[in-house]
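1. Quick one, fold the following:
(one chain, ligands or ions: 2)
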Amino acid sequence: MAKKPLMPHEGHDKHLCYLANVGFQQSHTDDYKELVKDGQYFCKACGRVAANPQNLCKPAKL
Ligand SMILES: [Zn+2]
Ligand SMILES: [Zn+2]
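-> Ligands and ions are numbered 1, 2, ... in the order given. Prediction:
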């Protein structure tokens with residue numbers, strides 16, 4: 001069984017910060033592209049960009 005990283009807060013398993021760390025952009029490239037396409041928010045923690053603030057740890061409007 002794969003080791004599951006600790007979740008620092010609720011919903012982190014949907015955050016790009018986490019998804020990129022576990023290689024989601026490689027295994028689900030098209031899904032990942034949907035999340036970042038036309039990004040309106042960026043993460044103050046890691047700098048990633050997403051269309052939806054629910055996909056970031058510390059979203060800030062671009
Ligand atoms: Zn982040
Ligand atoms: Zn998070």
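2. State the next helix or strand along the chain beyond the host helix or strand of Gln25.
-> Using DSSP states H and E, Gln25 falls within helix 24-27. Helices and strands here follow DSSP H and E; after helix 24-27, the next one along the chain is helix 29-36.
3. Distance from the chain centre to that next one, please.
-> From the chain centre to the centre of helix 29-36 is a distance of 10 Å (CA atoms, centre = their mean, to the nearest Å).
4. Tell me which residues of it come out buried.
-> Neighbour-count burial for helix 29-36 flags 32, 35-36 (criterion: 16 or more other CB atoms under 10 Å). Placement of C-beta: from N, CA and C, glycine included.
5. next structured bit after it?
-> Note on helix 29-36: by DSSP H and E, the next helix or strand toward the C-terminus is strand 41-43.
6. Give me the contact status of that next one with ligand 1.
-> Yes - residues of strand 41-43 are located near ligand 1 by CB under 5 Å from the ion, namely Cys43.
7. Show residues contacting that strand.
-> For strand 41-43, the surrounding residues in contact (CB atoms under 8 Å, 6 or more residues apart in numbering) are 15-17, 48-53, 56-62.
8. follow-up on the earlier one: a markdown table for the buried residues of helix 29-36, including distance to Gln26 and pLDDT?
-> What follows is those, written out as a markdown table (distance: CB to CB, whole Å; pLDDT from 0 to 100):
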| residue | distance to Gln26 | pLDDT |
| --- | --- | --- |
| Tyr32 | 8 | 98 |
| Leu35 | 14 | 97 |
| Val36 | 14 | 97 |
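9. out of those, who's nearest ligand 2?
-> Checking the buried residues of helix 29-36 against ligand 2 with CB to the ion, the nearest one is Leu35 at 13.2 Å.
10. if we can go back for a sec, so how do I select the buried members of the contacts of strand 41-43 in ChimeraX?
-> Typed into ChimeraX, the next command selects the buried ones out of the contacts of strand 41-43 (criterion: 16+ other CB under 10 Å):
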select :15,16,17,48,49,50,56,57,59
